[in-house]
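> 3D model of this:
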Amino acid sequence: MTIGEAVRERITGLCHANGITVNKLSTMSGVTQSTLNNIVSGRNHSTTISTIKKLCDGLEISIIEFFQSELFEDLEQEVR
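Presented below is the predicted three-dimensional model:
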């Protein structure tokens, strides 16, 4: 799994766990709907840490909590 895929799955999983839509998370976090839709659909392959921080703020979790997931344990090497 790539980091982009892991981030995408983590965002959708957190939305599901919190009973909110991706569009609701956009409103809660201040991340534009188009940016968040691009991340979740896979069109954006390089989400910035500042965007992830905004999403965490909207979800009222820390960045550490965001990355504390099995999704991030066995990522593919990005540089070859």
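> could you check the pLDDT of the residue nearest to the spatial centre of the chain?
Central residue of the chain (Cα atoms, centre = their mean): residue 11, 3.8 Å from the mean position. Note for residue 11: predicted pLDDT of 98.
> tell me the secondary structure for it?
helix (DSSP: H, G, I helix; E, B strand; the rest coil).
> so who does it touch?
The contact partners of residue 11, by Cβ atoms under 8 Å, 6 or more residues apart in numbering, come to 22, 25, 36, 39, 40, 55. From N, CA and C alone the C-beta is placed, and that goes for glycine too.
> in JSON lines, list the residues you listed along with pLDDT, distance to residue 77 and neighbour count.
What follows is the contacts of residue 11, written out as JSON lines (pLDDT from 0 to 100; distance: Cβ to Cβ, whole Å; neighbours: other Cβ atoms under 10 Å):
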{"residue": "22", "pLDDT": "96", "distance to residue 77": "29", "neighbour count": "16"}
{"residue": "25", "pLDDT": "98", "distance to residue 77": "30", "neighbour count": "22"}
{"residue": "36", "pLDDT": "96", "distance to residue 77": "27", "neighbour count": "24"}
{"residue": "39", "pLDDT": "96", "distance to residue 77": "22", "neighbour count": "23"}
{"residue": "40", "pLDDT": "95", "distance to residue 77": "24", "neighbour count": "17"}
{"residue": "55", "pLDDT": "98", "distance to residue 77": "25", "neighbour count": "26"}
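> ok, residue 2 touching residue 74?
No - contact criterion Cβ atoms under 8 Å: residue 2 and residue 74 do not qualify, at 11.1 Å.
> so between the two, which is more surrounded?
Comparing residue 2 with residue 74 by neighbour count (other Cβ atoms under 10 Å), the higher total belongs to residue 2, at 13 against 8.
> quick one: residues contacting the more buried one.
Neighbours of residue 2 in contact, by Cβ under 8 Å, 6+ apart: 45, 75, 76, 78.
> good, wrapping up.
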